[in-house]
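> My questions concern the predicted model and sequence given below.
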Amino acid sequence: MGTIGVAKAKRQEANHLGLAWVMLCLAFAAHVADEALTDFLSVYNPTVRAIRQKLPLLPLPTFTFEIWLTGLTTAVILLFLLSPYAFSRARWIKLLSYPYGLIILGNGVLHIIGSFYLGRLMPGVYTAPLLLAGSAYLLWSLRQDGRVN
């Protein structure tokens, strides 16, 4: 592939990385709304309390609704604000994309597994497939980006 072809491929991959980042941000925002509307903390906080009784050294926090929602909303906004760096393929945003994609992937998987474990739909499970798809797309775009370079 000539120099022009490589430059064109890099521009196309930049669009994949940026688009994947934004799509995962949108999925994460929808997920936060899903959890807020389906009373996620009514499952999360009692679960954390039960885990703490068995593993008292494990530092798992419990939350009030206001603090939990403010924290997640702030995270979503900050991640959206980083979108231009994903579109420009900044090296540091690629490094941040791996944990972002893996954490969100794990979140989606836990909601689905939790639903099977509880024998009912867990709060947040409706948008868990969006988390899986968005994080898979982000991780795939990172892999594709590595092939271009």
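Yep, it's here.
> any low-confidence regions in the protein?
The model of the chain has pLDDT under 70 over residues 1-14, 146-149.
> please redo it, this time with the cut-off set to 80
For the chain, the stretches with pLDDT under 80 are 1-15, 145-149.
> Go ahead and flag the most central residue of it.
Nearest to the geometric centre of the chain sits residue 104, at 3.0 Å (C-alpha atoms, centre = their mean).
> need the contact list for the closest residue to that residue other than its chain neighbours.
Spatial nearest neighbour of residue 104, chain neighbours left out: residue 135 (4.4 Å); criterion: C-beta to C-beta, 6 or more residues apart in numbering. C-beta coordinates here come from the backbone N, C-alpha and C atoms, glycine included. Residues counted as contacts of residue 135 (C-beta atoms under 8 Å, 6 or more residues apart in numbering) are 24, 27, 100, 101, 102, 104, 105, 108.
> Could you tell me how far residue 122 is located from residue 58?
Distance from residue 122 to residue 58, counting by C-beta to C-beta, to the nearest Å: 21 Å.
> Do you have the helices of this protein handy? List them.
3-37, 41-54, 65-81, 83-87, 91-118, 128-148 (DSSP state H).
> thinking the residue nearest to the centre of the chain is in contact with residue 133, fair?
No - the pair residue 104 and residue 133 does not pass the contact test of C-beta atoms under 8 Å, sitting 10.4 Å apart.
> anything in contact with each of those two?
Joint contacts of residue 104 and residue 133 (C-beta under 8 Å, 6+ apart) are residue 27.
> so residue 101 touches residue 141, yeah?
No - with contact defined as C-beta under 8 Å, residue 101 does not reach residue 141; the gap is 9.1 Å.
> Tell me which of the two has more neighbours.
Neighbours were counted for residue 101 and for residue 141 using other C-beta atoms under 10 Å; residue 141 has more, 26 against 23.
> quick one, what contacts the more buried one?
For residue 141, the contact set (C-beta under 8 Å, 6+ apart) comprises 13, 16, 17, 19, 20.
> rerun at 7 Å
Shown in contact with residue 141 (C-beta atoms under 7 Å, 6 or more residues apart in numbering): 16, 17, 20.
> Could you do residue 72 as well?
By C-beta under 7 Å, 6+ apart, the contact list for residue 72 reads residue 32.
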